[in-house]
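K.L.:
Here's a sequence, model it:
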Amino acid sequence: MTEDDKKFEQELDFVASHYKHGAFSKTEAWRKLAGSDSLWQWKRKAVAAAVACFVIAASAFVYNIIKTSRPEKDADKIETTATVNPAVSDSAKSARLEFTDAPIQEVINVIEATYGVSVGNVPDTGDMRLTLSFEGSAEDIIDAINATCDTNLKIDNDDKNKATENNRE
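P.N.:
Prediction:
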C-alpha cells in the first residue's frame, strides 16, 4: 500500500464514521440556514395574504355591481311640471308636462288635473313608471303613452265636459 492509498483509507474511515443520513440534503440545509420552519411559515403567510387580497377585490367588484344596478335615492324623486296656456279652450288645451321616473297613476292624475279630463282604462300595474317630456293636448299625450307603454288609455271627458258646460250656462 502506498502512502496515497493509506491517506485515502483514513479519509474514507473518517467520513464513514461521521456520516449521517440526510446530512447533505439541500432542503435540510436551507431549513437550517433560514432558521427552523420560518421559511415555510413565511410561504403560508404570503398565500394567506394573497387569498385575503382576492376576497377583498371580489367583494369590491360585487359591491360595485349591486350599487350600479340599484337606482339612487335621488332617482326615486318624481318630478312633474305642467305649464298651461289659459287663453285656449279646455278641449284644445296645450300643456307642457315633464315626468321623471313617475308611476303611471301619478302621470294620469297630473293629466286629469292639468287638462280637466278623466282618463279610463288605466292599467292596474303599480310598477309601471314613466320618464317623459311632452308638450301638446291631452289626446296627444295619451296617444304617446299608449304607443310607448303598450297600454289602452282613453279619455272619458263626457262627464267633465257636461259639468263644465253646465257651469258656464
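K.L.:
pLDDT value on residue 52, please?
P.N.:
Confidence at residue 52, expressed as pLDDT, is 94.
K.L.:
Just want the phi and psi numbers for it.
P.N.:
For residue 52, the backbone dihedrals are phi -60, psi -40 (criterion: degrees, to the nearest 10).
K.L.:
again, but for residue 118
P.N.:
Main-chain dihedrals, residue 118, degrees, to the nearest 10: phi -110, psi 130.
K.L.:
I'd guessed it sits against residue 153; true?
P.N.:
No: using Cβ atoms under 8 Å, residue 118 makes no contact with residue 153, being 11.0 Å away. (C-beta placed from N, C-alpha, C; glycine too.)
K.L.:
Compare neighbour counts for those two and give me the winner.
P.N.:
Neighbours around residue 118 and residue 153, counted as other Cβ atoms under 10 Å, are more numerous at residue 153. The numbers are 20 against 16.
K.L.:
Now do that one, the pLDDT please.
P.N.:
Value for residue 153, per-residue pLDDT: 88.
K.L.:
what's near enough to touch it?
P.N.:
The neighbours of residue 153, taking Cβ atoms under 8 Å, 6 or more residues apart in numbering as the test, are 108, 119-122, 142, 145-146.
K.L.:
go with 6 Å
P.N.:
119, 121, 142, 145-146 (Cβ atoms under 6 Å, 6 or more residues apart in numbering).
K.L.:
Residue 107 too?
P.N.:
Contact analysis of residue 107 by Cβ under 6 Å, 6+ apart lists 99, 130.
K.L.:
Assign it to helix, strand or coil.
P.N.:
With DSSP: H, G, I helix; E, B strand; the rest coil as the basis, residue 107 sits in helix.
K.L.:
So it versus residue 20, what's the distance?
P.N.:
90 Å (Cβ to Cβ, to the nearest Å).
K.L.:
Give me the buried subset of the contacts of residue 153.
P.N.:
The neighbour count (16 or more other Cβ atoms under 10 Å) marks 119, 142, 145 as buried among those.
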